[in-house]
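[1] sequence? don't have it. structure:
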Ligand SMILES: Nc1ncnc2c1ncn2[C@@H]1O[C@H](COP(=O)(O)OP(=O)(O)OP(=O)(O)O)[C@@H](O)[C@H]1O
Ligand SMILES: [Mg+2]
């Protein structure tokens, strides 16, 4: 459960930028939320505050009842490692490591035993469809596969919340479909809470709800019907090259 109250973020500087001007909303556990809005509207800024990658100017963020503004920097790092997952547009994987090693990194940092982190990561890699790609170096993977490694890495700590900032921006249509369907599946099967920033309107149809930002404020909320979601998933298969239509 995420609860955000009157969240503001001003970037100091010669000309201060009021990137978030008082944003409030709640997300129940297991909901898949899209965040949309024009460039510069504060989408990434919002995600950074929620994922503890930055410190808000004012306002309150509760993650599962924890008031994260009260945490020290060290406690924030620990909270992030234990409870949150973040997926970047550019994947942010380590090229010298193979797919499996990239995905289990957070569990190494958490000090799990080798047997345990290999089991957890192996299971998750199979779930994201990469069970046959464990030993591949990052350069030997397609963009969509790389992003799925990044998603596995974000979830190995059993994070309750997955943040994703334009996770499909670098992908072709087929891989966009694969990654979006995967996120939908994680939400439906694991009860994963997902906050995804996107600027492609059709991508929001995979989510449950849309928060529209403009100029640092929420100006609209939209809920996506089950029919719309089912239609988006069905349509996405039409772009798969593996599906040959007569
Ligand atoms: N580190 C920073 N320092 C100063 N200003 C910043 C910083 N990061 C973002 N901004 C400004 O804050 C505003 C919101 O930026 P943000 O990156 O959140 O937008 P966005 O909605 O994610 O846009 P895009 O769709 O282009 O990614 C913009 O005016 C941006 O220039
Ligand atoms: Mg952005």
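    Cool, the structure landed. All values reported here derive from a predicted model rather than from experimental measurement. Ligands and ions are numbered 1, 2, ... in the order given.
[2] show me what contacts the spatially closest residue to residue 133 that is not a sequence neighbour?
    On the basis of C-beta to C-beta, 6 or more residues apart in numbering, the spatially nearest residue to residue 133 that is not a chain neighbour turns out to be residue 99, at 5.2 Å. Every C-beta, even on glycine, is put in place using the N, C-alpha and C of the backbone. Residue 99 sits next to 125, 130, 133-138, 141, 145, 149 when contact means C-beta atoms under 8 Å, 6 or more residues apart in numbering.
[3] Confirm that residue 34 sits in a strand.
    Yes. Residue 34 sits within a strand when classified using DSSP: H, G, I helix; E, B strand; the rest coil.
[4] out of the contacts of residue 99, who's nearest residue 202?
    residue 145 (22.2 Å; C-beta to C-beta).
[5] quick one: which helix or strand includes that closest one?
    Here residue 145 sits within helix 143-155, counting by DSSP states H and E.
[6] and that helix, average pLDDT?
    For helix 143-155, mean pLDDT is 93.
[7] swap in stretch 211-223?
    97.
[8] on that earlier part again, now do the same for the residue nearest to residue 133: its pLDDT.
    The predicted local confidence for residue 99 comes out at a pLDDT of 97.
[9] do the same with the one 10 residues further on
    Residue-level confidence at residue 109 comes out at 92, pLDDT.
[10] Name the SS class of the closest residue to it other than its chain neighbours, please.
    The spatially closest residue to residue 109, leaving aside those adjacent along the chain, is residue 81, at 6.0 Å (C-beta to C-beta, 6+ apart). In terms of secondary structure, residue 81 is helix; the call rests on three-state DSSP.
[11] Who are the contact partners of residue 81?
    106, 109-110, 157.
[12] near ligand 1, which residues of this protein?
    By C-beta under 6 Å from any ligand atom, the residues of the chain that approach ligand 1 are 11, 13, 17, 19, 37, 39-45, 199.
[13] Mark which of those are buried, thanks.
    The neighbour-count test (16 or more other C-beta atoms under 10 Å) marks 19, 37, 41-45, 199 as buried among those.
[14] so can I have CSV of those residues showing pLDDT and secondary structure?
    Conversion of those to CSV gives the following (pLDDT from 0 to 100; DSSP: H, G, I helix; E, B strand; the rest coil):
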residue, pLDDT, secondary structure
19, 98, strand
37, 96, coil
41, 97, coil
42, 97, coil
43, 97, helix
44, 96, helix
45, 97, helix
199, 89, coil
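[15] What subset of the contacts of residue 81 is buried?
    Burial by neighbour count, 16+ other C-beta under 10 Å: within the contacts of residue 81 this picks out 106, 157.
[16] List phi and psi for residue 98.
    For residue 98, the backbone dihedrals (degrees, to the nearest 10) come out as phi -80, psi 180.
[17] that older thread, pull the distance from the helix holding residue 145 to the chain's centre.
    On the basis of C-alpha atoms, centre = their mean, to the nearest Å, helix 143-155 sits 10 Å off its chain's mean C-alpha point.
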